[in-house]
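Asker: predicted model follows, preceded by the sequence.
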Amino acid sequence: MARILWGRETSSNVRKVIWTLEELRLPYERIDVGGPFGRTDTAEYRAMNPTGLVPTLQEDDFILWESNAIARYLCHAYAPSSPLWPREPRARANIDHWMDAQQTVLNRPATVVFLGLVRTPPEKRDNAAIAKAVVEMARAYAMLETPLARHPFIAGDHLTLADIVWGVHVHRWFTMEIDRPAMVHLRAWYDRLLGMPIYQRYMAGPLV
Ligand SMILES: N[C@@H](CCC(=O)N[C@@H](CS)C(=O)NCC(=O)O)C(=O)O
């Protein structure tokens, strides 16, 4: 079976899938599309992924998009006993609500700040919108202080999909030149992620 991950490596949402594939040691080919590589607005790509966004996962004629759904599918299909997304209903649901919160609470302000500071020249920035979004991001990350005060990872004592979907973003949070309220447990968790070879290799590079 051929497994293709469509999407540029610099995308946070593509990185979630890279991280999951690497954790599960699943072979894949990745094809650069999106951002400077383009090709996401073609009829062929839209036929695979109607959002025109990255990532898209292709396994022969099976196509899946939405990064969190892809991460869950990979665990369910290939590693049903993996602690990344455990079977036990309450353990799984606890991971799922943190995954949903990444999409619904963190993602919008994180996008405003990252695109504003990293991909927009200073003279074109909407500094008021960026400043407001930094405050919203801080509120989103502050939610993690409580679970991370209790255990080393978001959902317990080991890495899960909750850490993956928040973890792809936290490197940017600690690397961008912004005012960050101190969050000791978040910082300790980020340091823990930095100690992981997959994180170092794919998630912790320069911001582009
Ligand atoms: N909810 C979608 C969002 C996907 C998304 O916004 N992807 C961004 C990159 S992080 C994108 O495709 N941007 C346009 C591009 O790269 O051309 C997911 O989680 O997969």
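Answerer: Yep, it's here.
Asker: from here on, contacts and neighbour counts on C-alpha atoms
Answerer: OK.
Asker: and for residue 85, the neighbour number?
Answerer: 25 (other C-alpha atoms under 10 Å).
Asker: how far away from the center of its chain is stretch 89-108?
Answerer: 12 Å (C-alpha atoms, centre = their mean, to the nearest Å).
Asker: no wait, stretch 128-139
Answerer: That offset, for stretch 128-139, works out to 19 Å (C-alpha atoms, centre = their mean).
Asker: residue 181 should be in a helix, yeah?
Answerer: No: if the criterion is DSSP: H, G, I helix; E, B strand; the rest coil, then residue 181 is coil and not within a helix.
Asker: I'd like to know how many residues surround it.
Answerer: For residue 181, using other C-alpha under 10 Å, the count is 11.
Asker: host element of the closest residue to it other than its chain neighbours?
Answerer: Counting by C-alpha to C-alpha, 6 or more residues apart in numbering, the nearest residue to residue 181 once its immediate chain neighbours are dropped is residue 138, at 7.1 Å. Here residue 138, judged by DSSP states H and E, is contained in helix 127-150.
Asker: okay, buried residues for that helix please.
Answerer: 130, 131, 133, 134, 136, 137, 138, 140, 141, 144, 145, 148 (16 or more other C-alpha atoms under 10 Å).
Asker: packing partners of the helix or strand just after that helix?
Answerer: Next along the chain after helix 127-150, taking DSSP H and E as the criterion, comes helix 161-175. In terms of contacts (3 or more C-alpha pairs under 8 Å, 6 or more residues apart in numbering; DSSP states H and E), helix 161-175 is packed against helix 12-23, helix 67-78, helix 89-101, helix 184-194.
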